[in-house]
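> Have a look; sequence and predicted model below, questions after that.
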2 protein chains.
Amino acid sequence: MTAEVITIGEELLIGQIVNTNAAWLGQYLSRFGVPLRFVTTIGDDPDDIRTCLNQALQRADIVFITGGLGPTHDDITKKVLAEYFQAGEMVVDAKVLNHVKALFAKRNIPMAPVNEEQALVPAGARVLWNSLGTAPGLLFEKDHKYCVAMPGVPAEMQSIMTESLAAFLKERSGRTIIRHRTLRTIGVAESTLAQKLEPISELEQYGKIAFLPSYLRVSIRISVTGTGREQVDRRLAQAESLILSRVGKYVYGYDDDTLEAVVGRKLKAIRATLAVAESCTGGMLAHFITNVSGSSEYFECGCVTYSNDSKVDLLGVPREVIERHGAVSEECARAMAAGIRRRSGATYGLSTTGIAGPTGGTEQKPVGLVWVGLATPDGVIAKHFVFTKDRLSNKERFCQMALGMLYRALGKG
Amino acid sequence: MTAEVITIGEELLIGQIVNTNAAWLGQYLSRFGVPLRFVTTIGDDPDDIRTCLNQALQRADIVFITGGLGPTHDDITKKVLAEYFQAGEMVVDAKVLNHVKALFAKRNIPMAPVNEEQALVPAGARVLWNSLGTAPGLLFEKDHKYCVAMPGVPAEMQSIMTESLAAFLKERSGRTIIRHRTLRTIGVAESTLAQKLEPISELEQYGKIAFLPSYLRVSIRISVTGTGREQVDRRLAQAESLILSRVGKYVYGYDDDTLEAVVGRKLKAIRATLAVAESCTGGMLAHFITNVSGSSEYFECGCVTYSNDSKVDLLGVPREVIERHGAVSEECARAMAAGIRRRSGATYGLSTTGIAGPTGGTEQKPVGLVWVGLATPDGVIAKHFVFTKDRLSNKERFCQMALGMLYRALGKG
């Protein structure tokens, strides 16, 4: 079975909201081995809806439509689809009407008469129950092809998919299975990874290989399609071990793993603790670390020492270090890391000092320069990195470099 | 001029990443009065790229394509477009090649030979400079229609649009002007705002009014379309002043204003300084504050005191306060705020202590509870709030509540 998605809504076209429905549907359908080849976004325009439907039904077996099922004048999807599929008269669905009334009663809100129209459904369509909202989903069929219309509110769309369509999808998706596995790397450029993985054709005998670069890191995704679960899993494992044999030293985690979560697991495993001293990252490093639930088990504290005085006062950085070398310097990064480690009694002290921009750079110390310091039981090390992005991206990359240094110090595995 | 967007990438179709590029482009183009009617997402498939291009060029004057310009085997956009537009041989652009080499040299990373291919461009295409990455944008022309290809990395795509295409868009977008103005509110529910703004029809004689609710705040957007700049600006101003006359006391800023930027401007104006003491927000509050360029002028320092020991040691919170009332308490929030103010010598001390979740809640102190403390030259105040979201959203809302308290203490205007 092949599928397409059409998302309807002016708010998507003018970028007022990001299209999370398309991403969610892509993920959900891929679990059933139903690949998406096209996702189209349009406004509430009858002609455009018909144009897109014609195309989509030519190419795919089932079309998922979101949006335009609300009770106001600009919601036209239901009417357009009823005509398109010649699904007969609009009739009141008593069960839906009771549900709509009950929803308003529960919220203690008077119900405007317009909401009763939500219970009007085309006689020839199947109602897909929407437990969370007033607009039911609708399933149309024509010439053995299907069209599912759902409201654009993400939670409502998701509940219709999982409650009413999982069985339908499972039954019709046939025996095809798709499995994805993402390997997350650190400290290597996309082009270097690609080179070390050559010949890619050898990998692609198992599945499709894709590189996912971002300004923070590169990930490698393996996608395997097949008909038997065992066979698919075996090919996924074969591709993975081949990748690991070539570039395993760069791989820090899998799928949704973040560097801060992986570092946290390592710290917990060896019962070590961490404290951070941040200048240019301004709290973001501590923020990343504390995004991990359970981080209080290993995260002791952080100091965001933005001013020079606070570096001296809170971390005990000698004032002459700042005067002689500047706050953005190897010496200051080392003193900050050692200072927060001493001060907190944590096993590891991690520091950042740099220039996030957009101003404050000089020829010797440009915007994008960061010094990272790491104090361990064995001593203090420091490294510098240079990036060329905007303030927020620089902060983010500085944090990734700091976490990467700690990751390497904690050792692989 | 009409435009379409084609976003290319398997990672979009399987929902591994959300399509933020489409939203950004929609927003950006709407500023130039260039409406989007179709946004299509496809994988790296030559046939699908050609199919979509055929359709899009029939309907629109310019097509923006993102993705598939990287240096690895799965990036095929450049080759497919060069053939499609019969743009001639691939030639080395010396300026781009130097830029690619310089990017690697600056980051002190060895450059794999495959990266040289990034400087290969079709002779008949115009290079659009990508200052942030290795893949240049490309502009193709055919029968007075245009196609712009850009890398999928959001920051790179955005910089190409703003640096190389703003003038092009301005020149060709015709006489229609769309102006948006967003009023950002704090401390008021969407339904209350809507009620106080009634009758909306009185507002809509000037332009379109939309409510943009999020879990952090509600914004009101005014959109005015017209052909004369003066007339459009006047109607925008009329709608704005009518809104302000009804709900002005909730409005803290405009368009992209963040609460941390507005608070920062107020602090700077009165030459006051700020220091923060965070527990549950784990550095996020300092991170928000330091996202504002120039924040070093008023932000002194922050302490992320996650452990009880660090609250005592770094902030001077009396140990008996924690023992008697717990770390999540009014007394602790007050002591933290007073402590960081005293310790840092800043004018204002702001503190957070709460339970971000998903674990750690009790019946008396549930997940989502936060105490915010604020120490000012006039004394110390504290307030508590309760939310019910996931860990990251809770941290975010806690920070907004803390910034809101400081905002109100600094006074309106």
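Looks like it came in fine. Numbering: from 1, shown residues only, chains lettered A, B, ... in the order given.
> Touching, residue A:209 and residue A:224? I think so.
No - the pair residue A:209 and residue A:224 fails to qualify as a contact (Cβ atoms under 8 Å) at a distance of 10.3 Å. Every C-beta, even on glycine, is put in place using the N, C-alpha and C of the backbone.
> got any residues that touch both of those two?
residue A:239 (Cβ atoms under 8 Å, 6 or more residues apart in numbering or on different chains).
> which secondary structure element contains residue A:221?
strand A:218-226 (DSSP states H and E).
> is chain B contacted by that strand?
Yes - Strand A:218-226 is in contact with chain B by Cβ under 8 Å from any Cβ of the partner chain, via A:221, A:223.
> Direction included, what does that strand pair against?
In the sheet, strand A:218-226 lines up against strand A:177-185 (antiparallel), strand A:208-213 (antiparallel) (DSSP bridges).
> How many neighbouring residues does the nearest residue to residue A:176 once chain neighbours are set aside have?
Excluding its sequence neighbours, the residue lying closest to residue A:176 (Cβ to Cβ, 6 or more residues apart in numbering or on different chains) is residue A:33, at 3.9 Å. When neighbours are defined as other Cβ atoms under 10 Å in any protein chain shown, residue A:33 has 20 of them.
> Let me see the backbone angles for residue A:33.
With angles defined as degrees, to the nearest 10, residue A:33 sits at phi 70, psi 20.
> That one touches residue A:169, doesn't it?
No - the pair residue A:33 / residue A:169 is not scored as a contact, 9.2 Å apart, by Cβ under 8 Å.
> how about stretch A:291-311, does it reach chain B?
Yes - using Cβ under 8 Å from any Cβ, stretch A:291-311 reaches chain B at A:291, A:293-296, A:299-307, A:309-310.
> Show me which residues of that stretch are buried.
A:291-293, A:295-296, A:298-308, A:310-311 (16 or more other Cβ atoms under 10 Å in any protein chain shown).
> same thing with stretch A:44-59?
A:44-45, A:48-49, A:51-53, A:55-57.
> Next, the buried residues of stretch A:165-179.
Buried, per 16+ other Cβ under 10 Å, within stretch A:165-179: A:165, A:168-169, A:173, A:177-179.
> avg pLDDT for it?
Mean per-residue pLDDT for stretch A:165-179: 84.
> ditto for stretch A:75-95
94.
> Ok, stretch A:205-219 next?
86.
> next one: that stretch to chain centre, how far?
15 Å (Cα atoms, centre = their mean, to the nearest Å).
> For residue A:352, what is the enclosing helix or strand?
strand A:348-354.
> is it true that residue A:251 touches residue A:244?
Yes - if you go by Cβ under 8 Å, residue A:251 and residue A:244 touch, sitting 6.4 Å apart.
> Mind listing the shared neighbours of those two?
With Cβ under 8 Å, 6+ apart as the test, residue A:251 and residue A:244 both reach residue A:183.
> Settle it for me: which of those two has more neighbours?
residue A:251 (20 against 13).
> give me every residue that touches that one.
Counted by Cβ under 8 Å, 6+ apart, residue A:251 has contacts A:183-185, A:243-244.
> Just among those residues, which is most surrounded?
Most surrounded of the contacts of residue A:251: other Cβ under 10 Å gives residue A:183, at 24 neighbours.
> give me the number of residues near residue A:24?
So residue A:24, with other Cβ under 10 Å, has 18 neighbours.
> That one: what secondary structure?
Taken by DSSP: H, G, I helix; E, B strand; the rest coil, the conformation at residue A:24 corresponds to helix.
> Can you verify my assumption that it contacts residue A:154?
Yes - assessed by Cβ under 8 Å, residue A:24 is found in contact with residue A:154 at 6.7 Å.
> what's the burial count for residue A:372?
28.
> Does chain B have contacts with the strand or helix carrying it?
Using DSSP H and E, the element containing residue A:372 is strand A:369-376. No - if you take Cβ under 8 Å from any Cβ as the test, strand A:369-376 misses chain B, and the best it gets is 10.3 Å.
> For that strand, list the C-alpha coordinates in PDB.
The C-alpha trace of strand A:369-376 is given here as PDB (Å, rounded to 0.1, in the frame of the first residue of the first chain):
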ATOM      1  CA  LEU A 369      35.900  31.300  19.200                       C
ATOM      2  CA  VAL A 370      35.400  29.200  22.300                       C
ATOM      3  CA  TRP A 371      37.800  27.700  24.800                       C
ATOM      4  CA  VAL A 372      36.500  24.600  26.600                       C
ATOM      5  CA  GLY A 373      38.200  23.500  29.900                       C
ATOM      6  CA  LEU A 374      37.800  20.100  31.600                       C
ATOM      7  CA  ALA A 375      39.000  19.400  35.100                       C
ATOM      8  CA  THR A 376      39.200  15.700  35.900                       C
END
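> So what are the sheet partners of that strand and their directions?
If you go by DSSP bridges, strand A:369-376 pairs up with strand A:348-354 (antiparallel), strand A:379-386 (antiparallel).
> mind putting the buried residues of stretch A:44-59 in TSV, secondary structure included?
Output for the buried residues of stretch A:44-59, formatted as TSV (three-state DSSP):
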residue	secondary structure
A:44	coil
A:45	coil
A:48	helix
A:49	helix
A:51	helix
A:52	helix
A:53	helix
A:55	helix
A:56	helix
A:57	helix
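> how about the residues you listed in TSV, adding pLDDT and distance to residue B:144?
Formatted as TSV, the buried residues of stretch A:44-59 follow (pLDDT from 0 to 100; distance: Cβ to Cβ, whole Å):
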residue	pLDDT	distance to residue B:144
A:44	88	30
A:45	93	25
A:48	97	24
A:49	97	29
A:51	96	23
A:52	97	26
A:53	97	30
A:55	96	25
A:56	97	30
A:57	97	33
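> Keep only those residues that also lie close to chain B.
Near chain B, by the rule Cβ under 8 Å from any Cβ, you find A:45, A:48 out of the buried residues of stretch A:44-59.
> Around chain B, which positions in the stretch 51-200 of chain A sit nearby?
Residues of the stretch 51-200 of chain A lying near chain B (Cβ under 8 Å from any Cβ): A:180, A:182, A:189-192, A:194-195, A:200.
> List the ones among these that fall in helices.
Mapping these onto helices (DSSP state H) picks out A:190-192, A:194-195, A:200.
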